[in-house]
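[1] Make a model of this:
(chains A, B, C and D)
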Protein chains: 2
Amino acid sequence: MFRGKYIYAVDSKNRISIPAKLRRHISPEANDTFVMVQGTAPCIDLYPLDQWQKFEERLAKLNSFVTKEATFIRMMMQHATDETMDAQSRIIIPHHLMDYAKIQNEVVILGALKKIEIWNPQVYDDYLNQVPETFEEIAAIVMAQE
Amino acid sequence: MFRGKYIYAVDSKNRISIPAKLRRHISPEANDTFVMVQGTAPCIDLYPLDQWQKFEERLAKLNSFVTKEATFIRMMMQHATDETMDAQSRIIIPHHLMDYAKIQNEVVILGALKKIEIWNPQVYDDYLNQVPETFEEIAAIVMAQE
DNA sequence: CCACTCTTCCCCACTACTCCCCAAAAATAA
DNA sequence: TTATTTTTGGGGAGTAGTGGGGAAGAGTGG
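    Purely as a prediction, here's the structure:
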């Protein structure tokens, strides 16, 4: 499970290092590879390859001759790209994802359990500030059951 | 499994390159060959030869004495052509498929799990915009089971 | 049957980007 | 402080994407 928040640089070749502390939680089956998709929030989601493949197998069971299911596959897969880390444990972020998440020189890297999120630091702060509930309230709503 | 969306050029000889990232997911049994058919959406579907053969076996199980099934086979097969990639990993798109998908100078190439889709970029955007449900709604409907 | 045209296929070539490597700087551990 | 790991930077070879020339082959009309 991925944990923690890290502020990292984006270099002139659109590369970012994956924090060592997060790397330790990637299983060898992931082959040093992430699948990147645009998140539901304005950020980029990184899934270790093995995690993503589980999801993909579920998608593969859909019937692409059913219109809705084909549309869903398209929407899901169009932004999914795989990137393998180089010897320095960096990945390259494709342009269209950079644009989507408004990323420039610096990023916030968030460990979010089974995935990793990449944010523009400013966007991330704004996002948190704009949440109407306090942490305590959110906690009460979400964690109340069981 | 094929992933990602790519914007590529169509040259004066109606050729398009197959993106390197998609090529890596083609099995050697496909022999650098694709079978192209008109998609159920306004696009062209590319199946690697080995995948197509599996699909063809499914088609062969249909009963061609049942009118609807015979019609479907005709519609499916009339535009089915195989194309082998050249040394630059390009394939030629036949005129009748170009017309069907309204393709001109540029295409969207879509990795869609077991097949690859070729779209006119404008048609693709319009198609997605015209979907009545949001991504979240589609996801909920399609992935609800299990 | 032959000459002509148009298409298909194979080849070469240019440009830009990606990937791999080496290495400095910074941070952490010993 | 010294040693080791982590983060950041950049050079250069190889690959990817694009464009086009020209031979071989198919089709057409005389």
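[2] Neighbours of A:Lys115, how many?
    For A:Lys115, the number of neighbouring residues by other C-beta atoms under 10 Å in any protein chain shown comes to 19. All C-beta atoms are positioned from the backbone trio N, CA, C, and that covers glycine.
[3] pretty sure it is touching A:Ile44, no?
    No: at 10.0 Å, A:Lys115 does not count as touching A:Ile44 under the criterion of C-beta atoms under 8 Å.
[4] Need the residue closest to the centroid of chain A.
    For chain A, the residue whose C-alpha lies nearest the mean C-alpha position (C-alpha atoms, centre = their mean) is A:Asp45; its distance is 1.2 Å.
[5] in what helix or strand does that residue lie?
    Assigning secondary structure by DSSP states H and E places A:Asp45 in strand A:44-48.
[6] How far off centre is that strand?
    Relative to the mean C-alpha coordinate of its chain, strand A:44-48 is positioned 3 Å out (C-alpha atoms, centre = their mean, to the nearest Å).
[7] So what are the sheet partners of that strand and their directions?
    strand A:33-38 (antiparallel), strand A:115-119 (antiparallel) (DSSP bridges).
[8] Can you verify A:Tyr6 is assigned to a strand?
    Yes: secondary structure assignment places A:Tyr6 in a strand (DSSP: H, G, I helix; E, B strand; the rest coil).
[9] show me the contacts for it.
    A:Pro19, A:Lys21, A:Leu22, A:Val108, A:Ile109, A:Leu110 (C-beta atoms under 8 Å, 6 or more residues apart in numbering or on different chains).
[10] which two from those residues end up farthest apart in space?
    Checked with C-beta to C-beta, the contacts of A:Tyr6 reach their widest spread between A:Lys21 and A:Val108, with 14.5 Å between them.
[11] Can you tell me how far whatever residue of chain A ends up closest to chain B is from DNA strand C?
    Closest to chain B within chain A is A:Gln78: 4.0 Å, counting by C-beta to the nearest C-beta. The spacing between A:Gln78 and DNA strand C, counted by C-beta to the nearest atom of the strand, to the nearest Å, is 17 Å.
[12] ok, now A:Phe2?
    18 Å.
[13] what comes up buried for the helix or strand bottoming out on mean pLDDT in chain A?
    Ranked by mean pLDDT, DSSP states H and E, the helix or strand of chain A with the weakest confidence is helix A:95-100, at a mean of 91. When burial is assessed from 16 or more other C-beta atoms under 10 Å in any protein chain shown, helix A:95-100 yields the following buried residues: A:Leu97, A:Met98, A:Tyr100.
[14] So which of those is the closest to DNA strand C?
    For DNA strand C, the closest of the buried residues of helix A:95-100 turns out to be A:Met98, at 11.1 Å, with distances computed as C-beta to the nearest atom of the strand.
[15] Is the closest one in contact with A:Lys13, as I believe?
    No: taking C-beta under 8 Å as the definition, A:Met98 is not a contact partner of A:Lys13, at 11.8 Å.
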